[in-house]
Structures are given as C-alpha cells and as structure tokens.
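Enquirer: Following is a predicted model, sequence given first.
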Amino acid sequence: MVIPCLNEAEAIAIVIEKARRTMADEGIVGEVVVADNGSDDGSPELAAAAGARVVHEVRKGYGSAYLAGFAAARGRYILMGDGDDTYDFTEIARFVDPLRGGADMVIGNRMSGIQPGAMPWLHRRIGNPLLTGLLNLFFRSGVTDAHCGMRAFRRDVLPTLDLRSTGMEFASEQVIRASKSGLDIREVEIDYHPRKGDSKLASFSDGWRHLRFLLIHSPTWLFVVPGALFAIAGLIGSLITLTGVELFGREWQLHAMIASVAAVIIGAQILQIGVFSKAFAYYYLGERDRLIAAMRSRVRLEHGLLAGLGLLGIGLVIAGVVLGLWIDRGLGELREERLAMVGLMLIVVGLQTIFGAFFLSILGLRRRPHTGDPDAG
C-alpha cells in the first residue's frame, strides 16, 4: 500500500495501523509505503514507528509523491490512499478481491457515502460531478467518482499507464490513461470521512489543473468538435447569405457573409490543429486513434494536395470571374461582394489544406508501430 504524506502527523500513524491490521486479519501479504513529500511536523518518524517503510520525494506535488511510492512498492497489487484518515483502510480487501478476479484497476466511489463535513458543497455538487462528467464524456471511462483518492491497480500495468503528472491532476491522468489503454476498471462504493489535519487542496487552482489536463489530452473535444461547429455554422451562414434566403424575417447581407466566411476559416484552422494533435499523439506518444490509423492506411500526401488544389482552383476561378465583371464595369462599383467572399474563403482554406497536408506528412515520417498495425511486432 502506498500513502502520500505532507504534514499528516495527526493521522498518519492511525491509517498505517488500520492498513497493517487489516492486511494481517485478511491474510494479505503486503507492506505500507509512505511517500513523504517534505513534511516538517514529524510525520516521517511517526510513520516509521508505526511500521511503514518511508521513502522521501523532494519534488513537490501529490503526483510526485505517488510516483516515488509506486517506484518503491514491491507488491503484485498497489493500493493507494491518502494519509488523512478520510478513507477507511479496513476495506482494503474489497479493492484487492476484484484485482484477484481479473480487474486491472479498482476505484472507490464516495458519492453515496460522504459523511457530514467530509466534503465541501462546492466539491460535492459542482466540482467533482462536473470534472467526472467531462472525463467520462471525453474518454468514455464510465466511472462515477473520478477523483476518489482510494484506488488499487495491478503493478504490471504501471508501464502501460506511463504516469507523469506531478500535481493533483495525477488522479485524472491515471483514469485517462487506463481508459485509453482499454484496462478493466471497476468501482467499489466506500464511505468518505472528515479529514484529520489541514487540507492541501486548492479548489480553483487544482480544479483548473484537472480541467486543463482533460482538455490537452482530448484533441477531439479541444479542437475537432469546436472547429467542426465553427465551420458548419459558417457554411450554413454563407449559403443563406449567398442565396438570399430570408431568415428571421430579413435577408442577410455582406456583414453576415464576412462573419460566416471568418467562421469557416477559423473552423478549418482549428480542425487542422486537431488533426495535427491527434497525429502527434499517435506517432510520438503511442496513443490509439481510429481516425489517424485510417488516414495512415488510406490517405496519402497527394490526396491532401489534390483536395487543397481543388479548393484553391475553384476559389481562384470565382475570384477571376468577379475581377472580370469588375473590370468590365470600368473598375466602378463591385456588386458581387458576397461571391468574392466565397472565393476568398476557398482560396484560404485551400492553401491551409495544402500546407497542412505537408505538415501532416512530416509528422508521419515517424512510423511508430501500434498494436494491430501490420508492422507492429
């Protein structure tokens, strides 16, 4: 069992005693590893006196402490839990049994067992449900309480998880990596008790760290979905404005066309960044991605160049027609402003597509094998 510790003198000996007694009562052969993160209240000495093996991690952070503890742990299964007595370590066996039954990871679910005063209203009703919901939406994890600190996993999945976060977002990273890797995640309902000692959690800064981590690990929701919405809205607006269809009792003019064209260009750019991000994660981080896998096997650089040249060519033709009509009128009033905006939009998107295809091809120079790929070992 691994317990992170930063000034937990009030509770550390209590939780170690519970863990060791429970393992002895349940016939579980194991040890308690306390990963101290710079305590100055005597916590390490109390932990050692209570029978724990203490390791010291000088790099600050919740994740840093856990990474040091995981590296020091020697058991087949690793159970993790905070050292503030919020979790009942007499329930260790309920986490170990599913692992013995084939699960890769077991996560506690506190939401139906929160004791009075154990969790602030903001965390219980807004923060945790919101972040857990986003995590499930982005990564299809299917967990109820993504930030429960009591969980267990098989030691042999550590290389697959490849955990790196040093702060509070470590909890999110663990679930995200497990979900992306297709690990068998199960839940156990537990009680959550008021902590002993001072809380180390900073609600808004730690919440932002979790949200930021979710977004940067999901190019689909950070880039692809917003980009597609921008582009679709812009295309619809362009068609309505170009054809003169009345909407909301009026016909939309040049300013609406300018806004629509801008939305298409912005959307195309964001979409392109999303594809680049997914390709980078696929080739350099070993992420599994159906879209990039399909593109890798079916789409070549030349396909992207042809698409871009097609858009560019159509845009240039439209621009040429508008220019010809303008010259024919003696360079006077330009009456085809909306059509000119369409030509400009196609030219810009075409150029983006051409150079984007080259950049995507550069990313693909590294052919990292993936499980299921023809060249994977």
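Expert: Received the coordinates, thanks. Numbers count the residues shown, from 1 in each chain.

Enquirer: Kindly provide the distance from G133 to W208.
Expert: Look at G133 and W208: by CB to CB, to the nearest Å, they are 16 Å apart. For glycine as for every other residue, the C-beta is placed from the backbone atoms N, C-alpha and C.

Enquirer: same check, this time on E287
Expert: Using CB to CB, one gets 24 Å for the distance from E287 to W208.

Enquirer: Of these two, which one has the most company?
Expert: The neighbour comparison of E287 against W208 (other CB atoms under 10 Å) goes to E287, with 19 against 12.

Enquirer: Show me the shaky parts of the chain.
Expert: 367-377 (pLDDT under 70).

Enquirer: and the longest helix for it?
Expert: If you go by DSSP state H, the chain has its longest helix at helix 254-284.

Enquirer: Would you mark the buried spots in that one?
Expert: 256-258, 260-261, 263-265, 267-283 (16 or more other CB atoms under 10 Å).

Enquirer: How about stretch 328-345?
Expert: R338, L339, A340, M341, V342, G343, L344, M345.

Enquirer: how would you label V188: helix, strand or coil?
Expert: strand (DSSP: H, G, I helix; E, B strand; the rest coil).

Enquirer: correction: P116
Expert: Here P116 is coil, with the state taken from three-state DSSP.

Enquirer: Can you give me every residue that contacts the residue nearest to it when sequence neighbours are not counted?
Expert: With CB to CB, 6 or more residues apart in numbering as the criterion, P116 has its nearest non-adjacent residue at 7.7 Å, and that residue is P194. If you count contacts by CB atoms under 8 Å, 6 or more residues apart in numbering, P194 has them with T86, Q115, P116, G117, A118.

Enquirer: could those residues go into CSV alongside neighbour count?
Expert: Output for these, formatted as CSV (neighbours: other CB atoms under 10 Å):
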residue, neighbour count
T86, 23
Q115, 12
P116, 7
G117, 9
A118, 16
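
Enquirer: from those, which two are the most distant?
Expert: Greatest spacing in the contacts of P194, by CB to CB: T86 and P116 (13.1 Å).

Enquirer: quick one: A281 and G308, what's the gap?
Expert: For A281 relative to G308 (CB to CB), the value is 24 Å.

Enquirer: meant to ask about V321
Expert: For V321, the distance to G308 equals 21 Å [CB to CB].

Enquirer: quick one: which of the two has more around it?
Expert: Set side by side, V321 and G308 show more neighbours around G308, with 20 against 14, by other CB under 10 Å.
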